[in-house]
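Chemist: Below are the sequence and a predicted model; questions follow.
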Amino acid sequence: MKKFKEFLADISLISVALSWGITFAIVQDAIKDVPVFSFLFLRFFLSFVIMGAISLRFIKDISMPLIRSGLFLGALFFSGYAFQTYGLTYTKSSIVAFITGLNVIIVPIVAFFVFKQKVRLYSIIGAFLATVGLWLLTGANGIESIGKGEVYSFLCAVFFAVHIVYTSISSKKYNVFLLVSVQLFTVAMLSLVFSLAIDPFTMPKHFSPSLLIALGATVIFATVYALFVQTYMQQFTTPAKTAVIFTIEPASAAVFGYFYLHETLSLMQIIGGVVMIFAILIAELGSYALKD
């Protein structure tokens, strides 16, 4: 039964990564009409309204430890998005994607040294292969020098890695509906603060079709569904394996971009995608070869 729950969790997390990857191109279209933090505020506030309404029946389970965990997770999630955004303003998107994806290596390190969690060999092998595949998928571009963009992108990877590990811990302790609601509210409020401070405007004067489509897709699938499934299902699998599974996001974004935006994929990128699939299979099948 334990292995079946782990398998179900992994399949569910794959769907989360796919939802993030598929909506990537849609979001790129949307942020041509509104500033980034404005879009993040709209996305996460609407998501909070939906999840908050669903979570009302569990309000009796609210507690200060739960609120603190939700605030911490929300701050981590927002920080990852914020540093990724700043990284994109200073360096190539392919480099940002690669460095952000390094959280697949950072997660086992954080899990072991910070949270004292055991890390399996199959997860380490999968993480290494996923990193190689990600490097190929993003064009195998070298990093000639370390500048602000690279530093911001690395900080993004660290925040996302800690978020993955801490989610696996907090999801076992608290009501998942309430935990996700607090997290969404935190991201929305932080996005609002940054939008008011940085963006030329926060509320758009009109909502273009591309913006409405992006909000609909990201709110329902890439935020409410994705964050709830991630938080709930990480109870049954390991943070290291979750990080390997999440490398599907850039791969699915590349495939969706090929069909939706007619972007071309080089042979190197296709090989990278295949390597990432093998990385996930190693991380996945390795766990079922073990009895514990």
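Modeler: Cool, the structure landed.

Chemist: pretty sure Leu227 is touching Leu184, no?
Modeler: Yes - counting by Cβ atoms under 8 Å, Leu227 does reach Leu184; the two are 6.9 Å apart. Bear in mind the C-beta positions are built from the backbone N, C-alpha and C, glycine included.

Chemist: Give me the common contacts of these two.
Modeler: Contact criterion Cβ atoms under 8 Å, 6 or more residues apart in numbering; residues shared by Leu227 and Leu184: Ser47.

Chemist: out of those two, which sits in the busier spot?
Modeler: Legend: neighbour count by other Cβ atoms under 10 Å for Leu227 and Leu184, higher for Leu184 (30 against 24).

Chemist: quick one: contacts for the more buried one?
Modeler: Phe44, Ser47, Phe48, Met51, Gly52, Gly74, Thr223, Val224, Leu227.

Chemist: Tell me if I'm right that the first one and Ser191 touch.
Modeler: Yes - between Phe44 and Ser191 there is a contact under Cβ under 8 Å: 6.0 Å.

Chemist: okay, these two: which has more neighbours?
Modeler: Phe44 (30 against 25).

Chemist: Could you find the closest non-adjacent residue to the more buried one?
Modeler: Ala188 (3.9 Å; Cβ to Cβ, 6 or more residues apart in numbering).

Chemist: avg pLDDT for the strand or helix carrying the one you found?
Modeler: Element membership for Ala188 (DSSP states H and E) is helix 176-198. Mean pLDDT, helix 176-198: 97.

Chemist: In this model Leu40 seems to touch Tyr81, though I could be wrong.
Modeler: Yes - contact criterion Cβ under 8 Å: Tyr81 and Leu40 qualify, at 6.4 Å.

Chemist: And these two? Which one has more around it.
Modeler: Ranked by neighbour count (other Cβ under 10 Å), Tyr81 and Leu40 place Leu40 first, with 26 against 20.

Chemist: ok, now which ones touch the more buried one?
Modeler: Applying Cβ under 8 Å, 6+ apart, the residues near Leu40 are Phe78, Tyr81, Val187, Ala188, Ser191, Ser195.

Chemist: could you pull out the helices for the stretch 51-200 of the chain?
Modeler: Along the stretch 51-200 of the chain, the segments classed as helices by DSSP state H, counting those that start in this stretch run 64-88, 93-101, 103-113, 121-137, 148-170, 176-198.

Chemist: could you give the angle of the helix holding Ala188 to helix 148-170?
Modeler: 160 degrees (axes from the mean of the first three to the mean of the last three Cα atoms, to 10 degrees).
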